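Asker: Structure for this input, please:
(one chain, ligands or ions: 2)
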Amino acid sequence: MSRFQALNVPTGRRDFLRQATTLAAAAALPGGSPLWADAANNRLGVACIGVGGMGTSHLTWLAKQPDLRVVAIADVDKTHRQAAGVLAPDAKLTGDFRTILDRDDVDAVFIATPDHWHALTTIAAARAGKHVYCEKPLANSIGEGRAMADAVRAAGVVLQTGSHERSNPGATVAKRLVAEGKLGRIHTVRIHLPNSDQHLQQVENFTSPPPDSDPPAKLDYDFWLGHTPVAPYNEKRAHFWWRFHSRYGGGEMTDRGAHVIDLAQMILDRDATGPTRIEAVGSRQRAGFYDAFITFRFENRYADGLRMIGDNSGPRGVTLIGEAGELFVAIHGCQLTAQPASLLAGVTLPRVDAYEIHRRGFLEGVRSGAPVAAPAEAGHRTATVCHLNNLAMQVGRAFDWDPAAEQSSDAEVNALLTPTMRAPWML
Ligand SMILES: NC(=O)C1=CN([C@@H]2O[C@H](COP(=O)(O)OP(=O)(O)OC[C@H]3O[C@@H](n4cnc5c(N)ncnc54)[C@H](OP(=O)(O)O)[C@@H]3O)[C@@H](O)[C@H]2O)C=CC1
Ligand SMILES: O=C1CO[C@H](CO)[C@@H](O)[C@@H]1O
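Answerer: Ligands and ions are numbered 1, 2, ... in the order given. Here you go, the predicted structure:
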């Protein structure tokens, strides 16, 4: 069976699953009876797709939760699959995520593949009626993000983007202070994405890549490449380092931009929209092996005049600058600093595990239909800002952007919004 065929769940089953999903949300209301697979034991059936670094973190947590069962795990890398199987011994292990989506005991999937796989896995899962927790950045391109948000809406499933910083109390407090007008009118937001971390320094100062080689026998490398062009295997192209190759990720702009820009979008109520003017300049790594932008400076303007200015200065986080004060929200953890400090009088932030709150928020959304912190549209809009800045650097000029039509004034940019996919994969 071709991969394309397998991605299309027959319409009849899709309709049934969509109805079932909608009913599940309704039936989970007080007095109703839920419709998830293991309803008798009140346990959700969960599957993990991609169990490398972040996927293992999700799985470790999921495997300890009494109200769910990890029933399946998909990873193209047998080494990772096997290690994951130790954490969830009852889970069925597979190299092909599509076989998970056929299973009736899977209610929800946690996707933590490299970014170039987020769209195809999410869309296939949504069409199969599965709820989706998908890691940030939601999509690896603007076109993929739009297709994901549309597929999730059409299927009536819940999607939580893995922008867990939103689930920190500091983010909620920042949003409240802004909404109450404590900072006055916010005219500027500064995005700080320093490149001082060890892995970023390694990328920046890389001189000679290891030679290409045959892929390890335990890795289905063609599946790993998925819809992207055929490229020789190199250990610094896959396994974590993919985020600095533009076919698979977007560099720090999308990697941690998807946290910091996300906080700005959330706090300033931009979850359904984006900037209208994009300017960005940057430089790539000297040796040329990694093609993501390493240093950058950008300025985005929103329709109401708000300026979002970003660069590699630290510490990592977002500064909201208003006529009556400034508020800095640091990631990771959303600690707050204000000028004047009195803006934070009476504010105490509890220590929390934001990952846990974010995952729980998703599971609650599945069970009760309650809104999640980072729904598909919000995840897509944040990723869009990141991608627009990368695109401005790529084409080497500023352009206008229409956030409603999701089109640019620049024809070259429009041509780059969605990647051409290698057959048989397609959106
Ligand atoms: N919210 C957060 O704080 C964090 C989020 N992330 C996000 O999580 C995602 C994963 O990142 P990270 O864990 O660092 O990456 P890794 O490369 O460590 O893990 C990705 C895993 O997915 C596997 N994989 C690749 N393609 C497929 C496929 N089609 N189906 C199933 N498995 C596949 C990889 O195999 P192989 O190992 O052979 O490449 C690997 O096991 C990214 O989107 C990243 O942005 C990451 C870190 C923290
Ligand atoms: O927050 C995070 C920690 O660092 C990782 C590697 O850059 C990111 O992918 C992740 O989002």
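
Asker: To which secondary structure element is the most centrally placed residue in the chain assigned?
Answerer: Centroid check for the chain by CA atoms, centre = their mean gives K136 as the closest residue, at 1.6 Å. In the assignment (DSSP states H and E), K136 maps to no helix and no strand.

Asker: Give me the distance between it and ligand 1.
Answerer: According to CB to the nearest ligand atom, to the nearest Å, K136 stands 6 Å off from ligand 1. All C-beta atoms are positioned from the backbone trio N, CA, C, and that covers glycine.

Asker: Phi and psi next, for the nearest residue to that residue once chain neighbours are set aside.
Answerer: Distance criterion CB to CB, 6 or more residues apart in numbering; nearest residue to K136, sequence neighbours excluded, is A258 at 4.0 Å. Note on A258: its backbone torsions stand at phi -70, psi -10 [degrees, to the nearest 10].

Asker: same thing with the one 10 residues further on?
Answerer: When quoted as degrees, to the nearest 10, the phi and psi of L268 stand at phi -100, psi 20.

Asker: neighbours around the closest residue to P340 other than its chain neighbours, how many?
Answerer: Spatially, and ignoring its direct neighbours in sequence, P340 is nearest to G325 (5.9 Å; CB to CB, 6+ apart). Residues near G325, counting by other CB atoms under 10 Å, number 19.

Asker: before we move on, back to that, list the residues that contact the residue nearest to the centre of the chain.
Answerer: The contact partners of K136, taken as CB atoms under 8 Å, 6 or more residues apart in numbering, are T161, G162, S163, A258, H259, D262, G379, T382, A383.

Asker: ok so, going back, pretty sure the residue nearest to P340 sits against T337.
Answerer: No - assessed by CB atoms under 8 Å, G325 is found out of contact with T337, at 11.1 Å.

Asker: Show me the beta-bridge partners of the residue nearest to P340.
Answerer: For G325, the beta-bridge partners are G322 (DSSP bridges).

Asker: What does the pLDDT read for it?
Answerer: Turning to G325, the model gives it a pLDDT of 98.

Asker: In the stretch 201-350 of the chain, which residue sits nearest ligand 2?
Answerer: Nearest residue of the stretch 201-350 of the chain to ligand 2: D255, at 4.7 Å (CB to the nearest ligand atom).

Asker: Could I get the pLDDT score of that residue?
Answerer: The per-residue pLDDT reported for D255 equals 98.

Asker: Tell me the spatial nearest neighbour of it, not counting adjacent residues.
Answerer: R243 (5.1 Å).

Asker: wait, the one you found sits on G257?
Answerer: No - with contacts counted by CB under 8 Å, R243 stays clear of G257, the gap being 11.3 Å.

Asker: These two - which one has more neighbours?
Answerer: G257 (26 against 21).

Asker: contacting residues around the more buried one?
Answerer: Taking CB under 8 Å, 6+ apart, one finds P137, I191, L193, G250, G310, V385, C386, N389 in contact with G257.

Asker: The same query, at a cut-off of 6 Å, please.
Answerer: C386 (CB atoms under 6 Å, 6 or more residues apart in numbering).

Asker: what's the answer for K64, then?
Answerer: For K64, the contact set (CB under 6 Å, 6+ apart) is empty.

Asker: ok but it is inside a strand, no?
Answerer: No - going by DSSP: H, G, I helix; E, B strand; the rest coil, the assignment for K64 is coil, not a strand.

Asker: Keep only the contacts of K136 that also lie close to ligand 2.
Answerer: H259 (CB under 6 Å from any ligand atom).

Asker: Would you mind giving the contacts of K136 as TSV with secondary structure added?
Answerer: Output for these, formatted as TSV (three-state DSSP):
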residue	secondary structure
T161	strand
G162	coil
S163	coil
A258	helix
H259	helix
D262	helix
G379	helix
T382	helix
A383	helix
